[in-house]
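A.B. asks: Need coordinates for the below:
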Amino acid sequence: MGPGKGYAVDCASGKLRSLGVTNAMVKAGGDLRVIGAPWGRTNWIVQLEDPRKQGHRDKVSLRDAALSTSGNYENFFEINGVRYSHILNPRTGYPIQGIAACTVIAPTCMESDAMATACLVYGVEKSLAKFGGRCPMRFTLMPTDSLEQVWPLRQTITFGAER
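C.D. replies: Model prediction:
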């Protein structure tokens, strides 16, 4: 669906805030945005899925932030027994390869959604160079690479006042 889903999450969370809601989570697929924290807690705890279907890998603590995960582990197609991502590289027209999932945390869901998908196209090195100083990111390389590398997120992320 592209960053439109992230924008919709931002609109819904903005509406909730305009109605005086001070603690909520709005989630649509792999995109979510949190307002404040649940009653009696300082932050929302969000579990990140393991793209290899081994349960949940990590937890992050969020307050007034957005998180998006984009990947090729749930949506894909197969041709002659070969699995292809549903995300196409706009430069080549072919399905992306190499990264199973990318999670990005940003101030808005539209930003995190767009960056998570872009990171799958750019690859790890270019994504870190382009976005690494701006927002926390997490990458998981495809297990077929024979080596898995994860760039961990910081434990607690707060962006402050909602935009």
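A.B. asks: Can you pull the phi/psi pair for the closest residue to residue 25 other than its chain neighbours?
C.D. replies: Nearest non-adjacent residue to residue 25, counting by CB to CB, 6 or more residues apart in numbering: residue 34, 5.0 Å away. Quick note: C-beta positions are derived from backbone N, CA and C, even for glycine. With angles defined as degrees, to the nearest 10, residue 34 sits at phi -110, psi 140.
A.B. asks: And for residue 34, the neighbour number?
C.D. replies: Residue 34 has 26 neighbouring residues, counting by other CB atoms under 10 Å.
A.B. asks: Equivalent analysis for residue 110, please.
C.D. replies: Residue 110: 23 neighbours (other CB under 10 Å).
A.B. asks: just the one 4 residues further on next, same as before
C.D. replies: Under the neighbour criterion other CB under 10 Å, residue 114 is assigned a count of 20.
A.B. asks: now it: how far from residue 78?
C.D. replies: 28 Å (CB to CB, to the nearest Å).
A.B. asks: next one: residue 117
C.D. replies: 21 Å.
A.B. asks: This structure: strands as residue ranges?
C.D. replies: For the chain, applying DSSP state E gives strands covering 24-28, 31-35, 44-49, 56-63, 65-71, 76-79, 82-85, 99-106, 137-141, 156-158.
A.B. asks: from memory residue 71 sits against residue 98, does it?
C.D. replies: No - Residue 71 lies out of contact with residue 98 (CB atoms under 8 Å); the separation is 11.5 Å.
A.B. asks: So these two - more neighbours on which side?
C.D. replies: residue 71 (24 against 14).
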